[in-house]
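In: got a predicted structure plus its sequence, pasted below:
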Amino acid sequence: MAMAHFTSGPLRSVLAVLVLLGNLATVPDLFAAPLQPPDASRRLYDRVMEEFRHKDYDAALAGFRFFLELHAQSALSANAQYWMGECQYRMGHYKDALGSFYNVISYYPLSQKLAASTLKIGQIYTRQGDREKALMMYERVTDQYPDSAEADVARKALEAAAAKSEPVAAEPS
């Protein structure tokens, strides 16, 4: 009888809360993903990257396009878009590469590939002889990503451009 009194009223509510809290401690375990091999999007991405590493840029480009069609919402989609641009760049398809790198900047604002994409855009403009746009992109890299490896490359490009634009001093006669 004392037990019935013990589990009634406010004490019963406290016990219910304690039981609930005890059960909540194990709830994350219920939702933890079991250990399993990488998902299909990761496997496809890795396979396509192998093509890129083997310098089969046509196959890699097709693979990255296919990846984006199948896995547009994947966490790897920004990287796939970037590597599409790299394939196009390495094949000399600069106009297409510009589009791919601009897509990274436009559609994936939180991507880890923003600095690299911006730098590549500057390099393409340099190759195309558009000095003004190239310098603008190099400056954007150094301003927005100052501590990145890409910023170091952009600084060197800016220094080289400044050295080319300096007038040559006339030799004394």
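Out: Right, received. Where do you want to start? Numbers count the residues shown, from 1 in each chain.
In: where do the helices of this structure begin and end?
Out: Listed in chain order, the helices of the chain (DSSP state H) span 2-6, 10-24, 27-31, 40-53, 57-70, 77-90, 94-107, 114-128, 131-144, 149-165.
In: now for this structure, the helix or strand with the poorest mean pLDDT.
Out: Least confident helix or strand, the chain: helix 27-31 with a mean of 43, by mean pLDDT, DSSP states H and E.
In: hang on, the earlier thing: can you list the helices of the chain in TSV and add mean neighbour count?
Out: C-beta here means a position set from N, CA and C on the backbone, and glycine is covered the same way. TSV is the format used below for the helices of the chain (neighbours: other Cβ atoms under 10 Å):
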stretch	mean neighbour count
helix 2-6	8
helix 10-24	10
helix 27-31	7
helix 40-53	16
helix 57-70	18
helix 77-90	23
helix 94-107	18
helix 114-128	22
helix 131-144	18
helix 149-165	15
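In: weakest of these by average pLDDT?
Out: Lowest mean pLDDT within the helices of the chain: helix 27-31, at a mean of 43.
In: contacts only, for the closest residue to residue 102 other than its chain neighbours.
Out: Spatial nearest neighbour of residue 102, excluding adjacent residues (Cβ to Cβ, 6 or more residues apart in numbering): residue 121 at 6.8 Å. Residue 121 makes contact with 98, 101, 102, 105, 137, according to Cβ atoms under 8 Å, 6 or more residues apart in numbering.
In: the first one against residue 122, yeah?
Out: Looking back up the chat, that one is residue 98. No - applying Cβ atoms under 8 Å, one finds residue 98 not in contact with residue 122, separated by 10.7 Å.
In: still on that earlier bit, specify which member of the contacts of residue 121 is nearest to residue 128.
Out: Nearest to residue 128 among the contacts of residue 121: residue 98, at 8.8 Å, using Cβ to Cβ.
In: many thanks, have a good one.
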